[in-house]
Structures are given as structure tokens and as C-alpha cells.
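Asks: Here's a sequence, model it:
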Amino acid sequence: MTIRRKTITAFAMMIASMALSIIIALMTFYNRSIKAVEVGEAEDAVSRLKYLVDEDIRQLDILCRDWAFWDDSYDFSAGTKEDFLETNLDRGKTVEMLELSGMLIQASDGKRLYGYEQRVGLLDRILASMSPFESLFPESRTGLVSTGDEIHLVSIRPILRSDLSGQPHGFIAMARNLDKSRLDHYSRIVGRISVVRPAEPTEATGAAEEARGHITIDFRDKETLASQIVAELDGRGVAVLLTAAPTVISRYGTTRLLSLSVIVLVIIIASGTAFVLMLEGILLGRMRSIGKDLNRIAAGDDWKARISVTGDDELTVLCSAMNGSLDRLDSMLDEREAMLHEIHHRVRNNLQLIASMLSLQSTAATSEETIVALERSRNRIMALAIVHDEILDRPTIYRIELRGLFERIASSLTLADAVAQRPSFLFEGEIVEVDMDTALPLAMIVEEVLYNAHRHAFAGGTPGEITIGIRRDMASTLFIEIRDNGIGLPKTASRNRGIGLSLVEALCLQLRGRHSLSGAPEGGTVFRLEVPL
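Replies: Got it, this is the predicted structure:
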């Protein structure tokens with residue numbers, strides 16, 4: 001035997017023995033893990049079922065409490081409210097509307113004042129769960145009661161006044177059947193077939209009493225059963241919460257593991273050396289191709305690009321799944337943008353509606369101060385509406401171009417002004433886009449400054465110019481300059497700080513920016529704003 005053959009034989013035997021050992025260890029660990037997953041899923045299902053039952057009991061108890069702590073119920077149990085049944089229970093229609101399977105009103109002397117039961121013996125079963133003393137002076141109790149093959153949710157409450165004063169005048173008991181529709185509802189929520197049934201005689205033994213509250217798992221051939229035994233209302237009988245689901249995880253995992261083990265053994269023993277030689281063409285080359293496609297997509301050059309899919313193996317499934325995920329992400333992004341467009345559309349319409357209402361209110365106002373205040377509120381709201389309008393007019397909702405935004409704000413001020421000689425607006429600088437969180441405060445600041453310049457910079461309605469400059473430096477700092485050729489700042493400007501300037505300062509702080517207001521050497525006023533982007 002040649003060295004080459006010996007080497008190949010030894011290599012093959014070593015790889016085969018290692019693979020066999022690994023597969024055996026994996027099968028042992030994997031089976032335990034699958035079993036643990038099955039147990040965890042089954043226990044969670046029973047816990048969810050018990051939570052649903054407890055939640056329905058709680059809701060029933062809230063309903064029973066409302067009736068028990070009602071002054072009309074108290075007067076009826078005391079014999080002073082003779083029309084109670086006719087006005088409130090309407091011959092059982094109210095009970096059916098409340099989806100009750102039973103309702104009992106009993107006075108403290110043991111006299112049954114009202115009784116309704118869908119299943120004969122239900123009310124007697126409820127009374128049997130109470131001691132004679134409790135039937136006269138009951139405490140609040142909730143739980144389960146069985147009648148034959150049915151389980152009912154039960155709540156018992158003493159009848160008291162609404163302020164909880166006085167002694168109980170009997171009690172009210174309400175029951176709700178866990179019928180098929182309610183169990184089907186549980187099954188849909190839990191994700192497994194869910195059953196709540198009376199316990200079998202063998203399940204209600206002393207041994208079963210010790211196991212109450214514990215979850216029992218029963219692995220059968222094709223399904224996993226999980227059950228929990230709980231006490232009924234009287235503490236003696238028991239009810240069983242049961243969920244069932246096919247053992248899909250175990251069967252699928254075992255089948256896949258066995259198939260994989262056989263494939264691994266065959267490939268390693270028969271084609272170990274060839275596998276190394278073919279690795280480049282079969283796996284590494286395709287992985288490099290997938291990596292290039294993913295890098296191209298991640299670079300953002302073409303969001304619609306997808307991974308090339310060739311072959312019919314696991315890599316193909318992976319590529320198809322990734323392509324499907326990318327398609328879903330694109331679809332979700334389109335839906336999100338459509339939703340945000342609709343939100344901005346509604347916000348804009350509502351803001352415009354508020355602005356219109358303020359305009360109508362100002363026409364009815366007689367005080368000049370009130371008219372000015374309403375006008376300012378309208379202009380500020382319109383500035384916000386213009387931002388949302390700009391968003392709707394752009395192909396993307398994430399960036400807003402400032403020059404177009406400021407032009408529309410200036411135009412809205414011009415249209416709202418009744419002065420014949422309006423100042424003209426000039427725009428300088430570059431195209432700068434910002435996000436919406438920055439655009440909204442900027443719009444409010446610019447509107448406030450433009451309004452003040454528009455109203456106060458030009459005495460006697462004389463025409464003038466207001467220039468708005470926009471630029472951005474290499475450090476991503478936004479510079480906005482608004483200057484006019486009007487009369488300049490009054491001497492008392494530093495002392496008279498109105499709502500407008502206070503609003504500008506607050507918005508500048510929000511943007512983490514700096515601002516200044518000063519007189520220009522050639523006359524007029526200059527407002528400067530620096531905002532980090």
C-alpha cells in the first residue's frame with residue numbers, strides 16, 4: 001500500500017470517526033434541547049390559558065361587583081325595591097345580554113330573590129360550594145364550578161351599599177359558561193387546542209391534589225399534551241386546563257438531524273478530499289458573489305438591486321429569503337412614507353383650518369390688541385403649515401429645502417398684509433436641506449423675524465427690501481442672515497422683549513444655536529443665526 005493510499009485511508013478513517021462522534025454528541029444534545037423547547041412551549045401554553053381564564057374571571061368579578069355594590073340591589077334585597085326585577089333584569093334578557101349562564105340573588109335570610117340558570121343544577125352547585133354561614137353572610141369569592149361536563153366561571157359578592165356602608169343584605173352570584181366559542185377563542189390566542197374540563201375521578205384523587213398548580217407534560221406519538229389541575233370554587237372538586245399541539249418541532253428536528261447525519265457521513269467518507277478541491281467552486285466563489293451584491297446594496301447605489309440567485313441548494317434558499325426580506329423592507333418603507341405623507345397632509349389641513357378660524361375671529365374682534373394677537377397666532381400657525389406643505393410637495397419626506405420654505409413664508413406674510421407699499425424679499429445663498437426636526441423651529445424663527453421686519457422696519461409704509469441669506473460651511477454649520485434697509489433698531493429694543501423675541505430665543509436653544517440682533521452700519525437691522533446640523 002502506498003503512502004498516498006495510507007494517508008488517504010487514515011485521513012478518511014479519522015474524519016469519519018470524528019464525524020461519527022460529533023454526530024452522536026449532537027444528536028444527544030439536540031434531542032434534549034428539542035425536548036426542552038417542547039416542554040417550554042407546552043408550559044407557556046398552559047400558563048397563557050390559565051391567564052386567560054383568570055382574566056375572564058376578573059372581568060366577571062368586576063361585573064358582579066358593580067351589581068352587588070349598587071344601591072338598587074341593596075334596596076331590592078332589603079325588600080324596598082319591588083320593581084327591581086322588571087326594570088333591570090327584563091325577564092332574563094339582561095342576563096342573556098351579559099352572556100351569563102347563571103345569576104342568583106339571595107337575601108341574608110336565605111330567601112332566593114332571583115335565580116336564572118342555563119344548566120339545571122348550576123345554582124345549587126354554586127350554593128353547595130358555600131357553607132351555610134357563607135350563604136347568609138358571604139365573602140367575595142371567585143373561581144370555577146363544574147356541572148356535568150361543563151365548567152363555569154363564578155363570582156360571588158355580598159350586597160352592600162355603593163359607599164360600602166351597613167351590613168350585607170345577602171349576595172349576588174354570577175356564572176359564565178366556558179362554552180365552545182370561548183374555548184375556541186382561547187385556542188386562537190394560545191396557538192394550541194385549549195380545553196377546560198372537569199377532572200376525571202382518577203385526576204381528583206389525593207395524589208392529584210398534591211399536584212394542583214403543577215404543569216404536567218405528556219409526550220405522545222404525534223402530539224404534546226400539557227395540563228394543569230386547579231381547584232374549583234369549593235376547594236374540593238378539580239378542573240383541568242389542557243392544551244394540545246402536534247410534536248412538530250421534535251419530529252422535524254429529528255428527521256432533519258438524521259438526514260443531515262447520513263449526508264455528512266457519506267460526504268466525508270466518500271468525498272473528503274474532493275470536497276476540499278471543490279470548495280472554491282461550490283462555496284467560496286458564490287459567497288464572494290453574494291458578498292459583492294450585499295456590499296453594492298449596502299452602499300446605497302441601487303436600493304432595488306438584489307442578490308443573484310443560482311442553483312437550488314441552501315445558499316439559494318438563503319439568497320431567496322434575503323431577497324424576500326429586502327422586498328418586504330422596500331414595501332414597508334413605501335407604506336411608511338405613504339402613512340407619513342397622510343399624517344403631514346392631515347396636520348397641514350388642521351393647521352390651515354385653525355389659521356382660518358383665527359382669521360375669522362380677528363375680523364370679529366374690536367380691540368386692536370386682540371386683532372394683532374390673533375394675527376400673530378395665525379402667522380405662526382401658517383409657518384408650521386407651510387413646513388408640512390413643503391414636505392408634501394417634495395419627493396422625499398425626510399429633507400426640506402430651506403430657500404423654498406422661506407420664500408413661501410415670506411409670500412404668506414405679503415399676502416396677509418393690507419399695506420399698499422409692501423417691502424420686497426430677496427434671497428441669497430446656496431441650496432441647503434435639513435430634516436423636519438430642524439425645519440419646524442427654523443420656520444418659526446424666520447417667520448417671527450420677517451414679521452417684525454415687515455411690520456416695524458419701514459416707517460409709514462415706505463417700500464424697502466428684506467434680504468434672506470442662507471449658507472452652510474464645511475463643519476456642517478448653518479448660517480442664516482436676515483437684514484433690512486429700514487429705520488433700524490429702536491433705542492429701547494434691549495428692554496422691550498416681547499413674546500416674539502422670547503419665542504426666538506427658546507427655539508434657538510432648542511436647536512442648540514446662537515443668534516444676534518444688531519443694527520447694520522449702512523442702516524437697517526441684521527439678524528444672524530448659527531445652527532449646528
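Asks: burial count for G486?
Replies: G486 has 21 neighbours, counted by other C-beta atoms under 10 Å. Where you see a C-beta, it was placed from the backbone N, CA and C, and this is true even at glycine.
Asks: Leaving out sequence neighbours, find the closest residue to it.
Replies: Counting by C-beta to C-beta, 6 or more residues apart in numbering, A457 is the residue found nearest to G486 once chain neighbours are left out, at 2.8 Å.
Asks: so who does that neighbour touch?
Replies: A457 makes contact with P423, G464, I466, D484, N485, G486, I487, G524, T525, according to C-beta atoms under 8 Å, 6 or more residues apart in numbering.
Asks: Pick the one among those closest to G40.
Replies: G40 lies nearest to I466 out of the contacts of A457, by C-beta to C-beta, at 69.9 Å.
Asks: what residues does the helix or strand hosting S194 touch?
Replies: In this structure, S194 is located in strand 193-198 according to DSSP states H and E. For strand 193-198, contacts defined as C-beta under 8 Å, 6+ apart pick out 45, 49, 53, 144, 146, 148-151, 178, 183, 186-187, 237-245.
Asks: And the residue nearest the centre of this structure?
Replies: R336 (14.8 Å; C-alpha atoms, centre = their mean).
Asks: That one sits in which helix or strand?
Replies: With DSSP H and E as criterion, R336 is part of helix 314-364.
Asks: related to what we said a few turns ago, tell me the one of the contacts of A457 nearest G115?
Replies: For the contacts of A457, the minimum distance to G115 (C-beta to C-beta) is 84.2 Å, reached by I466.
Asks: partner residues bridging the nearest residue to the closest one once chain neighbours are set aside?
Replies: For I466, ignoring the flanking residues on the chain, the nearest one in space by C-beta to C-beta, 6+ apart is D484 at 4.7 Å. Residues in a beta bridge with D484, per DSSP bridges, are I466, T525.
Asks: hey, where'd the helices end up in the stretch 151-300 of the chain?
Replies: 180-190, 206-210, 248-279, 285-298 (DSSP state H, counting those that start in this stretch).
Asks: hmm, back to that, which strands and helices lie in contact with the next helix or strand after the helix holding R336?
Replies: The element immediately downstream of helix 314-364 (helix or strand, assigned by DSSP H and E) is helix 368-393. Taking 3 or more C-beta pairs under 8 Å, 6 or more residues apart in numbering; DSSP states H and E as contact, the helices and strands that helix 368-393 lies on are helix 314-364, strand 400-401, helix 402-416, helix 436-456, helix 499-510.
Asks: got the angle for the last one vs helix 368-393?
Replies: Angular relation of helix 499-510 and helix 368-393 on a 0 to 180 degree scale: 40 degrees, by axes from the mean of the first three to the mean of the last three C-alpha atoms, to 10 degrees.
Asks: List the buried residues in helix 499-510.
Replies: Along helix 499-510, these residues count as buried under the neighbour rule (16 or more other C-beta atoms under 10 Å): G500, L501, L503, V504, L507, C508.
Asks: any idea of the pLDDT on L63?
Replies: pLDDT for L63: 94.
Asks: Show the backbone phi and psi for it.
Replies: Main-chain torsions, L63, degrees, to the nearest 10: phi -60, psi -50.
Asks: Now do it against M103, distance only.
Replies: Look at L63 and M103: by C-beta to C-beta, to the nearest Å, they are 10 Å apart.
Asks: So which of the two has more stuff around it?
Replies: Between L63 and M103, M103 has the larger neighbour count (other C-beta under 10 Å), namely 23 against 17.
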